[in-house]
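Novice: Provided below are the primary sequence and the corresponding predicted coordinates.
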Amino acid sequence: MTTPLHDILAKRILAAGPITIADYMAECLLHPAHGYYSQEKVFGTEGDFITAPEVSQMFGEIIGLWLADRWYKMGKPETLHLIEFGPGRGTLMEDLLRATEPVEGFHQAVSVHFIEASGQLRTVQKDKVPSAHWHDDLSSVPDGPSLIIANEFFDALPIHQFEKLDDKWLERRVHFSDEAFSIVLTEASAKFALTMPNLHSSPNGSILEVCPAALSVTAAIAERLFAGGGAALIIDYGYRKSAAGDTLQALKAHQYHNPLEDAGTADITAHVAFDQIAAVAKSKGTTPYGCATQGPFLMALGIGERAQQLALIAEDDGQSQILNDLKRLTSPDEMGSLFKVLALQAPELAPPPGF
Ligand code: SAH
């Protein structure tokens, strides 16, 4: 199927040559008019994929508890920037704000900041959390103590891919010929220097990935926490330890889809390299905790007890729905093991619960 973005990218490639996977991914997701995140129904059962906050309110409630605990351990600062990267439909923030209402002094201290690239999603978020402030990146969020969350944000950041051919690393770029996009191998860009050196000896045919945006966002988060205090919680699917392999994937209507087809109409993501994120955070003076896996993390924080409470007041088939949602979020065959949780903290802060 040709899409408006397919035509735009085809013209660009025919005029100027193949583009990096990172350029292709960024355009497919974030093109202001035709990118994936500028569409309406992106998440949820009607959308192309479902995220943890959209599965159940319990997810946001538990994250809210974690954040309130961190605020206590920070010494209850009177101003706290609560920052979320890529808030999607705003559901996580709405749920965690509701759950933390009883925490005395917390809401008075909090100002909510959303880092969001999509104008369409900003509109949706405004309905859920009207008091939020929107930013393109962290640099415009005022200085001060911060708690930061990012659920399924890092997997949407554009990656570069390199492939070894005849003992030489080349960059995989997207070309257009015979009316279709395809991968070609071209001279490696300077981003190759960011790949893990211990993987450079991988055999011919291996693919390495690197996400420069993830590393620079992490550096900005760590610098903020080091200077102003606080903690960040990053939840996503990916590698504990980077490995060679092609993890670029697309989802459309809950099915895997070829990322090179139907540009702009499928969600494109890649595995998050948690070891690389933790290393950058450490080099900037923050302390990484984890990765934990999502199931044990949520269970340690009491999601099982919360599900029981909700089941007690549920009517009819509500009870089995709650148990299904709990299983979906925590079971190792569903989101429980695939999804990892990494915390980054200012060095003086007490270790976080759940790890
Ligand atoms: N956290 C939400 C949504 C995850 S989808 C949830 O769990 O349901 C990814 C989110 O990140 C979307 O809101 C998307 O618009 C946003 N996003 C993707 N790339 C971005 C970028 N480079 N800068 C800011 N926001 C981005």
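Specialist: Everything's here; your move.

Novice: within range of the ligand, give me the residues from the stretch 1-150 of the chain.
Specialist: Residues of the stretch 1-150 of the chain lying near the ligand by CB under 6 Å from any ligand atom: 29-30, 37, 43, 51, 53-54, 86-88, 92, 115-118, 121. Placement of C-beta: from N, CA and C, glycine included.

Novice: in strands, which of those fall?
Specialist: I115 (DSSP state E).

Novice: which among the residues of the stretch 1-150 of the chain next to the ligand gets closest to Q321?
Specialist: E54 (13.8 Å; CB to CB).

Novice: what count of nearby residues applies to the closest residue in space to M93 that isn't next to it in sequence?
Specialist: Closest residue in space to M93, ignoring its immediate chain neighbours: V129 at 5.1 Å, by CB to CB, 6 or more residues apart in numbering. Counted with other CB atoms under 10 Å, residues neighbouring V129 total 17.

Novice: my read: V129 touches G90, true?
Specialist: Yes: assessed by CB atoms under 8 Å, V129 is found in contact with G90 at 5.2 Å.

Novice: got any residues that touch both of those two?
Specialist: F114 (CB atoms under 8 Å, 6 or more residues apart in numbering).

Novice: low-scoring stretches of this protein, by residue?
Specialist: Counting by pLDDT under 70, the ranges of the chain that qualify are 40-47.

Novice: residue ranges of the helices in it, please?
Specialist: 4-16, 21-30, 52-55, 57-73, 91-99, 106-109, 119-128, 212-228, 274-283, 294-300, 303-313, 318-330, 335-338 (DSSP state H).

Novice: just send those helices back as CSV, with mean neighbour count too.
Specialist: As requested, the helices of the chain are exported to CSV (neighbours: other CB atoms under 10 Å):
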stretch, mean neighbour count
helix 4-16, 15
helix 21-30, 22
helix 52-55, 22
helix 57-73, 21
helix 91-99, 22
helix 106-109, 15
helix 119-128, 16
helix 212-228, 20
helix 274-283, 20
helix 294-300, 22
helix 303-313, 15
helix 318-330, 17
helix 335-338, 18
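
Novice: tabulate the ones you listed in CSV, adding columns for distance to D246.
Specialist: Below are these laid out as CSV (distance: least, CB to CB, whole Å):
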stretch, distance to D246
helix 4-16, 20
helix 21-30, 10
helix 52-55, 25
helix 57-73, 29
helix 91-99, 30
helix 106-109, 43
helix 119-128, 28
helix 212-228, 17
helix 274-283, 17
helix 294-300, 24
helix 303-313, 33
helix 318-330, 27
helix 335-338, 17
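
Novice: out of these, which is closest to S202?
Specialist: Nearest of those (CB to CB): helix 274-283, 15.9 Å.

Novice: identify the residues contacting the residue positioned nearest the centre of the chain.
Specialist: Using CA atoms, centre = their mean, the residue of the chain that lies closest to the mean C-alpha position is F153, 1.9 Å off. Listed by CB under 8 Å, 6+ apart, the contact set of F153 reads F85, G86, I234, D236.

Novice: contact partners for the residue nearest to M93?
Specialist: P87, G90, M93, E94, L97, V112, F114 are the contacts of V129 under CB under 8 Å, 6+ apart.

Novice: next one: it from M58, what distance?
Specialist: Distance from V129 to M58, counting by CB to CB, to the nearest Å: 19 Å.

Novice: also L96?
Specialist: 11 Å.

Novice: what does H200 give?
Specialist: To M58, H200 is 43 Å away according to CB to CB.

Novice: repeat that for A300.
Specialist: 14 Å.

Novice: picking that back up, which one of the contacts of V129 is nearest to Q319?
Specialist: E94 (23.6 Å).

Novice: show the contacting residues for the closest one.
Specialist: Contacts for E94 (CB under 8 Å, 6+ apart) come out as G60, K128, V129.

Novice: can we see that at 7 Å?
Specialist: For E94, the contact set (CB atoms under 7 Å, 6 or more residues apart in numbering) comprises K128, V129.

Novice: distance of H81 from the ligand?
Specialist: 17 Å (CB to the nearest ligand atom, to the nearest Å).

Novice: right, I mislabeled it, should have said E187
Specialist: For E187, the distance to the ligand equals 26 Å [CB to the nearest ligand atom].

Novice: over to H254?
Specialist: Taking CB to the nearest ligand atom, one finds H254 at 15 Å from the ligand.

Novice: C-alpha coordinates for stretch 273-292, PDB please?
Specialist: The C-alpha trace of stretch 273-292 is given here as PDB (Å, rounded to 0.1, in the frame of the first residue of the first chain):
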ATOM      1  CA  ALA A 273      19.700  -1.700  25.500                       C
ATOM      2  CA  PHE A 274      19.400  -1.300  29.300                       C
ATOM      3  CA  ASP A 275      23.100  -1.900  29.900                       C
ATOM      4  CA  GLN A 276      24.000   1.000  27.700                       C
ATOM      5  CA  ILE A 277      21.500   3.300  29.400                       C
ATOM      6  CA  ALA A 278      22.800   2.300  32.900                       C
ATOM      7  CA  ALA A 279      26.400   2.900  31.800                       C
ATOM      8  CA  VAL A 280      25.600   6.400  30.600                       C
ATOM      9  CA  ALA A 281      23.700   7.200  33.800                       C
ATOM     10  CA  LYS A 282      26.500   5.900  35.900                       C
ATOM     11  CA  SER A 283      29.100   8.000  34.000                       C
ATOM     12  CA  LYS A 284      27.000  11.100  34.800                       C
ATOM     13  CA  GLY A 285      27.100  10.400  38.600                       C
ATOM     14  CA  THR A 286      23.700   8.700  39.100                       C
ATOM     15  CA  THR A 287      23.200   5.200  40.600                       C
ATOM     16  CA  PRO A 288      21.300   2.600  38.500                       C
ATOM     17  CA  TYR A 289      19.200   0.000  40.200                       C
ATOM     18  CA  GLY A 290      18.100  -3.100  38.200                       C
ATOM     19  CA  CYS A 291      17.000  -4.100  35.800                       C
ATOM     20  CA  ALA A 292      14.200  -5.900  37.600                       C
END
